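Asker: Sequence plus the predicted model coming up.
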Amino acid sequence: MLKKLVYCLFFLFSVSSYSQKWREIREFEIGPMFNYQHTSLYVANDLFDESANEGFSNSGFEPNYALGIYGIYYLKPKIGIGAELFYDRTSSSELEDDNHYNSLTFLPYVNYDPFRHIRNLYFGAGIGISFIQEAPEYGSAVKEEDIRVITVPIKLSASYRIRNQVTLELGLHVEAMEVVMDHVRRNAIFFSMKVPVNRVFGGYR
(Lines give C-alpha, C1' and ligand atoms only; values in the text may rest on other atoms or scores of the structure.)
Protein backbone atom coordinates (compact mmCIF):
# COMPACT_ATOMS: atom_id res chain seq x y z
CA MET A 1 0.00 0.00 0.00
CA LEU A 2 2.81 2.38 0.93
CA LYS A 3 4.60 1.58 -2.31
CA LYS A 4 1.44 2.40 -4.32
CA LEU A 5 1.07 5.68 -2.44
CA VAL A 6 4.69 6.60 -3.21
CA TYR A 7 4.10 5.81 -6.89
CA CYS A 8 0.95 7.96 -6.91
CA LEU A 9 2.74 10.88 -5.26
CA PHE A 10 5.64 10.56 -7.69
CA PHE A 11 3.20 10.52 -10.63
CA LEU A 12 1.33 13.60 -9.38
CA PHE A 13 4.60 15.44 -8.77
CA SER A 14 5.79 14.59 -12.30
CA VAL A 15 2.53 15.79 -13.88
CA SER A 16 2.65 19.01 -11.85
CA SER A 17 6.26 19.66 -12.88
CA TYR A 18 5.48 18.97 -16.53
CA SER A 19 2.45 21.28 -16.43
CA GLN A 20 4.58 24.04 -14.90
CA LYS A 21 7.20 23.66 -17.62
CA TRP A 22 4.44 23.69 -20.25
CA ARG A 23 3.12 26.97 -18.87
CA GLU A 24 6.60 28.46 -19.05
CA ILE A 25 6.68 27.91 -22.83
CA ARG A 26 4.68 31.10 -23.24
CA GLU A 27 4.94 31.41 -27.00
CA PHE A 28 4.27 27.82 -28.06
CA GLU A 29 0.97 26.97 -29.75
CA ILE A 30 -0.61 23.69 -30.79
CA GLY A 31 -4.12 22.95 -31.96
CA PRO A 32 -6.51 22.20 -34.82
CA MET A 33 -6.56 24.03 -38.14
CA PHE A 34 -9.22 24.39 -40.82
CA ASN A 35 -8.69 25.70 -44.35
CA TYR A 36 -11.45 26.88 -46.64
CA GLN A 37 -9.79 26.86 -50.04
CA HIS A 38 -10.44 27.35 -53.73
CA THR A 39 -8.47 24.74 -55.63
CA SER A 40 -7.47 24.48 -59.26
CA LEU A 41 -5.16 22.60 -61.60
CA TYR A 42 -2.42 24.20 -63.67
CA VAL A 43 -2.68 21.89 -66.68
CA ALA A 44 -1.30 21.41 -70.16
CA ASN A 45 -3.88 22.81 -72.58
CA ASP A 46 -3.99 19.62 -74.62
CA LEU A 47 -4.70 17.35 -71.64
CA PHE A 48 -8.49 17.76 -71.85
CA ASP A 49 -8.63 18.98 -75.45
CA GLU A 50 -6.20 17.40 -77.92
CA SER A 51 -6.84 20.15 -80.48
CA ALA A 52 -5.82 22.94 -78.07
CA ASN A 53 -2.64 24.95 -78.46
CA GLU A 54 0.51 24.07 -76.56
CA GLY A 55 1.07 25.70 -73.19
CA PHE A 56 -0.43 25.67 -69.71
CA SER A 57 -3.36 27.41 -68.03
CA ASN A 58 -5.36 27.26 -64.81
CA SER A 59 -8.55 25.26 -64.88
CA GLY A 60 -11.55 26.69 -63.04
CA PHE A 61 -11.44 27.01 -59.25
CA GLU A 62 -13.61 24.86 -56.97
CA PRO A 63 -14.37 25.32 -53.23
CA ASN A 64 -12.72 22.71 -51.00
CA TYR A 65 -11.29 22.23 -47.52
CA ALA A 66 -8.35 21.01 -45.47
CA LEU A 67 -8.38 19.72 -41.88
CA GLY A 68 -5.45 19.06 -39.59
CA ILE A 69 -3.26 20.14 -36.69
CA TYR A 70 -0.49 22.70 -36.36
CA GLY A 71 2.23 23.67 -33.94
CA ILE A 72 4.37 26.81 -33.84
CA TYR A 73 6.94 28.36 -31.53
CA TYR A 74 7.30 32.15 -31.65
CA LEU A 75 10.84 33.37 -31.09
CA LYS A 76 10.46 36.80 -29.51
CA PRO A 77 9.59 39.15 -30.95
CA LYS A 78 9.48 38.62 -34.71
CA ILE A 79 9.81 35.02 -35.89
CA GLY A 80 7.69 31.88 -35.58
CA ILE A 81 8.83 28.38 -36.61
CA GLY A 82 6.01 25.92 -37.15
CA ALA A 83 4.63 22.90 -38.98
CA GLU A 84 1.24 21.75 -40.25
CA LEU A 85 -0.10 18.24 -40.79
CA PHE A 86 -3.36 18.23 -42.73
CA TYR A 87 -5.63 16.23 -45.00
CA ASP A 88 -6.98 18.11 -48.00
CA ARG A 89 -9.17 17.73 -51.06
CA THR A 90 -8.42 19.23 -54.49
CA SER A 91 -10.91 19.37 -57.33
CA SER A 92 -11.34 21.45 -60.47
CA SER A 93 -14.13 22.48 -62.80
CA GLU A 94 -12.33 20.54 -65.54
CA LEU A 95 -12.83 17.28 -63.62
CA GLU A 96 -16.04 15.34 -63.15
CA ASP A 97 -17.79 15.60 -59.77
CA ASP A 98 -16.39 12.33 -58.41
CA ASN A 99 -12.87 13.02 -59.68
CA HIS A 100 -10.53 14.75 -57.23
CA TYR A 101 -7.27 14.53 -55.32
CA ASN A 102 -7.06 13.59 -51.65
CA SER A 103 -3.70 14.01 -49.95
CA LEU A 104 -1.95 14.06 -46.59
CA THR A 105 0.53 16.94 -46.28
CA PHE A 106 3.30 17.75 -43.81
CA LEU A 107 4.43 21.35 -44.24
CA PRO A 108 7.06 23.13 -42.09
CA TYR A 109 6.99 26.91 -42.36
CA VAL A 110 8.37 30.16 -40.96
CA ASN A 111 6.36 33.27 -40.01
CA TYR A 112 8.03 36.67 -39.89
CA ASP A 113 6.74 40.02 -38.64
CA PRO A 114 8.61 42.81 -40.49
CA PHE A 115 6.79 45.75 -38.91
CA ARG A 116 7.70 47.96 -35.98
CA HIS A 117 4.30 49.42 -35.14
CA ILE A 118 1.87 46.69 -36.31
CA ARG A 119 1.98 43.75 -33.94
CA ASN A 120 0.96 40.14 -34.66
CA LEU A 121 0.83 40.52 -38.46
CA TYR A 122 3.08 37.86 -39.99
CA PHE A 123 4.20 36.90 -43.47
CA GLY A 124 4.96 33.23 -43.92
CA ALA A 125 6.61 30.77 -46.29
CA GLY A 126 7.14 27.05 -46.17
CA ILE A 127 7.87 23.91 -48.16
CA GLY A 128 6.76 20.39 -47.37
CA ILE A 129 5.82 16.98 -48.68
CA SER A 130 2.43 15.73 -49.80
CA PHE A 131 1.34 12.08 -50.06
CA ILE A 132 -1.41 11.52 -52.64
CA GLN A 133 -4.13 9.22 -51.29
CA GLU A 134 -6.53 9.41 -54.23
CA ALA A 135 -6.08 10.79 -57.76
CA PRO A 136 -8.52 11.49 -60.62
CA GLU A 137 -8.92 9.32 -63.67
CA TYR A 138 -7.44 11.08 -66.70
CA GLY A 139 -8.07 8.26 -69.15
CA SER A 140 -5.70 7.52 -72.02
CA ALA A 141 -4.34 11.09 -71.99
CA VAL A 142 -2.05 10.27 -69.04
CA LYS A 143 0.18 7.24 -68.50
CA GLU A 144 -0.12 5.58 -65.11
CA GLU A 145 3.64 5.83 -64.49
CA ASP A 146 3.46 9.62 -64.96
CA ILE A 147 1.15 10.08 -61.96
CA ARG A 148 3.18 10.95 -58.86
CA VAL A 149 2.19 9.77 -55.38
CA ILE A 150 4.51 12.26 -53.63
CA THR A 151 4.75 15.97 -54.45
CA VAL A 152 6.34 19.06 -52.92
CA PRO A 153 3.92 21.86 -51.93
CA ILE A 154 5.02 25.45 -51.29
CA LYS A 155 3.12 27.84 -49.04
CA LEU A 156 3.05 31.66 -49.05
CA SER A 157 0.80 33.45 -46.57
CA ALA A 158 -0.09 36.46 -44.46
CA SER A 159 -1.60 35.90 -41.02
CA TYR A 160 -2.95 37.88 -38.10
CA ARG A 161 -2.52 36.39 -34.66
CA ILE A 162 -5.09 37.16 -31.98
CA ARG A 163 -3.01 35.89 -29.09
CA ASN A 164 -4.41 33.07 -26.96
CA GLN A 165 -7.52 32.83 -29.16
CA VAL A 166 -7.04 32.28 -32.90
CA THR A 167 -4.77 32.91 -35.90
CA LEU A 168 -6.41 33.94 -39.18
CA GLU A 169 -4.41 33.31 -42.33
CA LEU A 170 -4.77 34.04 -46.04
CA GLY A 171 -2.43 32.38 -48.49
CA LEU A 172 -1.50 30.35 -51.52
CA HIS A 173 -0.39 26.76 -52.07
CA VAL A 174 1.48 25.78 -55.24
CA GLU A 175 3.46 22.68 -56.14
CA ALA A 176 7.17 22.60 -56.94
CA MET A 177 6.74 19.22 -58.69
CA GLU A 178 3.98 18.22 -61.08
CA VAL A 179 1.42 15.80 -59.69
CA VAL A 180 1.21 14.44 -63.25
CA MET A 181 4.62 14.63 -64.89
CA ASP A 182 4.82 17.44 -67.49
CA HIS A 183 1.04 17.90 -67.37
CA VAL A 184 -0.54 18.92 -64.04
CA ARG A 185 0.26 20.92 -60.90
CA ARG A 186 -2.21 21.60 -58.10
CA ASN A 187 -2.70 25.04 -56.59
CA ALA A 188 -5.05 26.66 -54.10
CA ILE A 189 -5.99 29.98 -52.54
CA PHE A 190 -6.92 29.41 -48.90
CA PHE A 191 -8.32 31.07 -45.80
CA SER A 192 -7.23 29.33 -42.62
CA MET A 193 -8.29 29.42 -38.98
CA LYS A 194 -5.98 27.99 -36.30
CA VAL A 195 -6.98 27.62 -32.66
CA PRO A 196 -4.17 27.28 -30.05
CA VAL A 197 -5.94 24.94 -27.62
CA ASN A 198 -3.00 24.85 -25.20
CA ARG A 199 -3.33 28.62 -24.79
CA VAL A 200 -7.14 28.85 -24.92
CA PHE A 201 -7.40 26.38 -22.02
CA GLY A 202 -4.07 27.23 -20.40
CA GLY A 203 -5.13 30.24 -18.35
CA TYR A 204 -2.93 32.70 -20.22
CA ARG A 205 -3.68 36.41 -20.23
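Answerer: Everything's here; your move.
Asker: drop to CA atoms for contacts and neighbour counts, all remaining ones
Answerer: Will do.
Asker: wait, what's in contact with the nearest residue to residue 58 once chain neighbours are set aside?
Answerer: Distances taken as C-alpha to C-alpha, 6 or more residues apart in numbering place residue 42 nearest to residue 58, at 4.4 Å, with adjacent residues excluded. Contacts for residue 42 (C-alpha atoms under 8 Å, 6 or more residues apart in numbering) come out as 56-59, 184-187.
Asker: Pull out the buried members of these.
Answerer: Among the contacts of residue 42, the ones that count as buried by 16 or more other C-alpha atoms under 10 Å are 58-59, 184-187.
Asker: Next, format the residues you listed as JSON lines and append secondary structure and distance to residue 114.
Answerer: Shown next, in JSON lines, are the buried ones among the contacts of residue 42 (DSSP: H, G, I helix; E, B strand; the rest coil; distance: C-alpha to C-alpha, whole Å):
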{"residue": "58", "secondary structure": "strand", "distance to residue 114": "32"}
{"residue": "59", "secondary structure": "coil", "distance to residue 114": "35"}
{"residue": "184", "secondary structure": "strand", "distance to residue 114": "35"}
{"residue": "185", "secondary structure": "strand", "distance to residue 114": "31"}
{"residue": "186", "secondary structure": "strand", "distance to residue 114": "30"}
{"residue": "187", "secondary structure": "strand", "distance to residue 114": "27"}
